[in-house]
Each structure stands twice: as structure tokens, then as C-alpha cells.
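**Student:** Take a look and give me a structure for this.
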Amino acid sequence: MANIKVYGSPMSRASRVMWCCKELGVAFDHIDVPWDKVKSPEFLAINPNGKVPAIEDGNLKLCESLAIILYLANK
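**Tutor:** Numbers count the residues shown, from 1 in each chain. Modelled structure (predicted):
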């Protein structure tokens, strides 16, 4: 199974998502997204809102830290 990709700066709410992954034992890859890159075409393909955090789990793309944490808890 591929690792979940967590996008965002550790100084953002992405830290909540990474903490949750660690607590749940969910393997993840952290992809740092600097603040000046959240509106780049590459990141907008992940999250059209241009905000972090966001995750990719296979074909699923999800944003907003609470929604991501709920998804991880249910997974």
C-alpha cells in the first residue's frame, strides 16, 4: 500500500494531520509546500482552493485539516 501524501508546511495546520498520522500509525510522506507555492498550478491540481493542508491517498484528494483527520480516523 502506498503512503498517504501530506502536503503543507510543518508550521501550518498540516502539523495536525502529520501528528494524527503518527498517532494512528498511518504511513505518510510529507511534501513541504512553501506559502509562496500554494497558488502554483502544481499545487492547485491537488487542492483548487490553494490552501494547506491537503492529502492524497491513492486517487482521493482531500483538504481541510478536520476533514482529513476524520478520514484518517475512519480509515
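
**Student:** Low-confidence ranges, the chain, go.
**Tutor:** Across the chain, the stretches falling below the confidence threshold (pLDDT under 70) are 1.

**Student:** now with 90?
**Tutor:** 1-2, 9-11, 75 (pLDDT under 90).

**Student:** just the helices in this protein please.
**Tutor:** Ranges of helices in the chain, per DSSP state H, are 14-24, 41-44, 65-74.

**Student:** Only C-alpha atoms, please: export the first one in CSV.
**Tutor:** These are the backbone C-alpha positions of helix 14-24, laid out as CSV (Å, rounded to 0.1, in the frame of the first residue of the first chain):
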residue,chain,number,x,y,z
ALA,A,14,-0.6,20.3,8.2
SER,A,15,1.2,19.6,11.6
ARG,A,16,-2.2,18.4,12.9
VAL,A,17,-2.5,15.9,10.1
MET,A,18,1.0,14.6,10.5
TRP,A,19,0.5,14.3,14.2
CYS,A,20,-2.7,12.3,13.6
CYS,A,21,-0.9,10.0,11.1
LYS,A,22,1.8,9.3,13.7
GLU,A,23,-0.7,8.6,16.5
LEU,A,24,-2.7,6.2,14.2
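
**Student:** what about it, distance to the chain center?
**Tutor:** Here the centre of helix 14-24 is set off from its chain's centre by 10 Å, with Cα atoms, centre = their mean, to the nearest Å.

**Student:** One more: the second one?
**Tutor:** Using Cα atoms, centre = their mean, the mean C-alpha position of helix 41-44 is found 14 Å from that of the whole chain.

**Student:** ok, residues contacting that helix?
**Tutor:** Tyr7, Val33, Lys37, Gly50, Ala54 (Cβ atoms under 8 Å, 6 or more residues apart in numbering). (Glycine included, C-beta is placed from N, CA and C.)

**Student:** Burial check on the fourth one, number of neighbours?
**Tutor:** Right, Gly50. Gly50 has 15 neighbouring residues, counting by other Cβ atoms under 10 Å.

**Student:** Go through the helices of the chain and pick out the most buried.
**Tutor:** Mean neighbour count (mean count of other Cβ atoms under 10 Å) peaks for helix 14-24 among those, with a mean of 17.
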